[in-house]
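Student: Quick one: sequence plus predicted model below, questions after.
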Number of protein chains: 2
Amino acid sequence: MAPQIVALVGRPDSGKTTLLEKLIPELNRRGYRIGTVKHHVHRFEMDREGKDTWRHKQAGAHVVALSSPTGLGVIREVARDQAIEELLDRYYYDVDLVIAEGYKSSALPKIEIFRSEVHKTPLENRDQTWIAMVSDTETASDLPHLALTDIPAIADFLVDNFIAAPVRPTTTLLVDGKPVALNGFVESFLARTVAGMTASLKGCRNAGEITITIRPGPDDAER
Amino acid sequence: MAPQIVALVGRPDSGKTTLLEKLIPELNRRGYRIGTVKHHVHRFEMDREGKDTWRHKQAGAHVVALSSPTGLGVIREVARDQAIEELLDRYYYDVDLVIAEGYKSSALPKIEIFRSEVHKTPLENRDQTWIAMVSDTETASDLPHLALTDIPAIADFLVDNFIAAPVRPTTTLLVDGKPVALNGFVESFLARTVAGMTASLKGCRNAGEITITIRPGPDDAER
């Protein structure tokens, strides 16, 4: 189930990571699982040099994974920047909220962090996707203002707006990995048809999420 | 589309990673994309200390991702060892072959690497999942034998058995993330129904792979 996502933006060194380091434990204490995503404009190295998975990647593996009973790490090549929606469905299926660090020019709802002790002004090109300012001072903005030091209040804001009553699609349709827009009628038609046609199958009783993937095969060349 | 998978097994220090370092470039040269997966029995650290994503994880994030135009890294908590099938569908959708390093006690087809200069004998509890031996010497086994130094021959073996004519299911049904076994009739029924009911939707013309996910929502409490 894809969670809601909010972006934490701000000038370099405004303290985005430091704020996240305080917010995540506060949200965990309240019982929420948090995912994070950071955008990087250049080639990056995430693995540790010399490890087997690092050696696989260096040798030219397209995807490498390290799997253990407590954690999983996956590093892969991509041909282009991944759309945030693709990331949410595939990687964040079991978290309550994703906080993006950066993604300033995306369409995501944004909370800006501004520290007057480091910068003179907040970001310049604020638009309607900005939903709040977190700062160490009052700013000349009509956005809700949250004090940088009041971590419980910032957590309340996130819970109220993104976790407590999230509006999330209950049906998704991906064609060749890309989401297809569905209106309410089609969404409900797909959901009921899938639920109906799988209901009597062994393993489908009391089903929560159901996913069917079909791929062109030798049997359906006419598709 | 989930690719085929083969495990490379052998005693510690038999040279699994070193062989992979030679095999992956050979398979890449032939135009194939390779994924790898390694199993780890303990807690691991994959990220680099001090990086923002590392700090997010330390703070308690359940999933962290670093996304760039050329690569993507995801590190997550899991509650148990991930079944290899779950990994294949979710993470290896665009590779031609996955080579697992280890997974000795899994049901995966296995190629054992044995170096007589390091060990006296191959692994003890070989079973019917073993399909070939790669070694620096003839071994007393009725399995196909491949010479450790003959990388093209090992690559040929992998291509012939796992890439050239793979048998892969064209329809998959996951309920709460777990695959449901389908017989031919049900597989074909699901595929044709999904293809039929989406055919007239915008964005579904000339569809290759189609995935529908439904989740319990306020509208279908009767499910």
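Tutor: Alright, I've got the coordinates.
Student: Which parts of chain A are strands?
Tutor: A:4-9, A:34-39, A:63-67, A:71-77, A:97-101, A:110-114, A:130-135, A:145-147, A:171-175, A:178-179, A:210-214 (DSSP state E).
Student: can you redo those strands as TSV with mean neighbour count, distance to chain B and mean pLDDT?
Tutor: To be clear about C-beta, it is placed using only N, CA and C from the backbone, and glycine gets the same treatment. Shown next, in TSV, are these (neighbours: other Cβ atoms under 10 Å in any protein chain shown; distance: least, Cβ to the nearest Cβ, whole Å; pLDDT from 0 to 100):
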stretch	mean neighbour count	distance to chain B	mean pLDDT
strand A:4-9	23	11	96
strand A:34-39	26	4	96
strand A:63-67	26	4	96
strand A:71-77	22	4	95
strand A:97-101	24	6	97
strand A:110-114	24	14	96
strand A:130-135	22	17	95
strand A:145-147	16	19	95
strand A:171-175	21	4	81
strand A:178-179	14	8	74
strand A:210-214	23	4	83
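Student: which one of those strands lies closest to residue B:155?
Tutor: Across the strands of chain A, residue B:155 has its closest neighbour in strand A:63-67 (18.5 Å, Cβ to Cβ).
Student: Give me the distance from stretch A:51-68 to the chain's centre.
Tutor: With Cα atoms, centre = their mean, to the nearest Å as the basis, stretch A:51-68 stands 24 Å off its chain's centre.
Student: what about residue A:12, neighbour count?
Tutor: Counted with other Cβ atoms under 10 Å in any protein chain shown, residues neighbouring residue A:12 total 7.
Student: Next one: it from chain B, what distance?
Tutor: Plainly put, residue A:12 is 12 Å away from chain B if you go by Cβ to the nearest Cβ, to the nearest Å.
Student: Next: residue A:143.
Tutor: Distance, residue A:143 to chain B, by Cβ to the nearest Cβ: 25 Å.
Student: correct me, but that residue touches residue A:133?
Tutor: Yes: with contact defined as Cβ atoms under 8 Å, residue A:143 and residue A:133 form a contacting pair (5.0 Å).
Student: ok, which stretches of chain A are helices?
Tutor: A:16-29, A:52-58, A:84-91, A:151-158, A:184-198 (DSSP state H).
Student: which one of those lies closest to residue A:126?
Tutor: Closest to residue A:126 of these is helix A:16-29 (Cβ to Cβ; 15.9 Å).
Student: Tell me how far that closest one lies from the chain's centre.
Tutor: On the basis of Cα atoms, centre = their mean, helix A:16-29 sits 16 Å off its chain's mean C-alpha point.
Student: And for stretch A:20-36?
Tutor: On Cα atoms, centre = their mean, the centre of stretch A:20-36 falls 14 Å from the chain's centre.
Student: Please work out which residues outside the helix-or-strand element of chain A with minimal mean pLDDT touch it.
Tutor: Of the helices and strands making up chain A, the lowest-confidence element is strand A:178-179, at a mean of 74, by mean pLDDT, DSSP states H and E. Under the criterion Cβ atoms under 8 Å, 6 or more residues apart in numbering or on different chains, residues A:85, A:89, A:172-173, B:203 lie in contact with strand A:178-179.
Student: Number of residues surrounding residue A:138?
Tutor: The tally of other residues near residue A:138 (other Cβ under 10 Å) stands at 10.
Student: any idea of the pLDDT on it?
Tutor: Looking at residue A:138, its pLDDT reads 81.
Student: same question, residue A:203
Tutor: Looking at residue A:203, its pLDDT reads 75.
Student: Skipping adjacent residues, who's closest to it in space?
Tutor: Spatial nearest neighbour of residue A:203, chain neighbours left out: residue B:180 (4.1 Å); criterion: Cβ to Cβ, 6 or more residues apart in numbering or on different chains.
Student: Please give me every residue in contact with the one you found.
Tutor: Per Cβ under 8 Å, 6+ apart, neighbours of residue B:180: A:198, A:201-204, B:173-174.
Student: Apply 10 Å and report the result again.
Tutor: A:198, A:201-204, A:207, A:210, A:212, B:172-174, B:186 (Cβ atoms under 10 Å, 6 or more residues apart in numbering or on different chains).
Student: Please apply the same query to residue A:82.
Tutor: Neighbours of residue A:82 in contact, by Cβ under 10 Å, 6+ apart: A:37, A:39, A:76, A:90-91, B:65, B:67-69, B:71-72.
Student: ok, 6 Å please
Tutor: By Cβ atoms under 6 Å, 6 or more residues apart in numbering or on different chains, residue A:82 lies in contact with B:67, B:72.
Student: Now the helices of chain A in JSON lines, please, with extra columns for mean neighbour count, distance to chain B and mean pLDDT.
Tutor: Formatted as JSON lines, the helices of chain A follow (neighbours: other Cβ under 10 Å; distance: least, Cβ to the nearest Cβ, whole Å; pLDDT from 0 to 100):
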{"stretch": "helix A:16-29", "mean neighbour count": "19", "distance to chain B": "4", "mean pLDDT": "97"}
{"stretch": "helix A:52-58", "mean neighbour count": "21", "distance to chain B": "4", "mean pLDDT": "94"}
{"stretch": "helix A:84-91", "mean neighbour count": "19", "distance to chain B": "5", "mean pLDDT": "89"}
{"stretch": "helix A:151-158", "mean neighbour count": "18", "distance to chain B": "12", "mean pLDDT": "97"}
{"stretch": "helix A:184-198", "mean neighbour count": "17", "distance to chain B": "4", "mean pLDDT": "81"}
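Student: Residue A:210 reaches residue B:214, doesn't it?
Tutor: Yes: the criterion here is Cβ atoms under 6 Å, and residue A:210 meets it with residue B:214 at 5.0 Å.
Student: which neighbours do these two share?
Tutor: Shared contacts of residue A:210 and residue B:214, defined by Cβ under 6 Å, 6+ apart, comprise residue A:194.
Student: Can you give me the neighbour number for residue A:42?
Tutor: Residue A:42: 8 surrounding residues under other Cβ under 10 Å.
Student: Please name the strands paired to the least confident helix or strand of chain A in the sheet, noting orientation.
Tutor: Looking at strand A:178-179 with DSSP bridges, its partner strands are strand A:171-175 (antiparallel).
Student: Would you mind listing the outside residues contacting the strand it pairs with?
Tutor: Strand A:171-175 has contacts (Cβ under 6 Å, 6+ apart) with A:180, A:187, A:190-191, B:203-204, B:207, B:210-214.
Student: ok and that strand relative to strand B:210-214, angle-wise?
Tutor: 170 degrees (axes from the mean of the first three to the mean of the last three Cα atoms, to 10 degrees).
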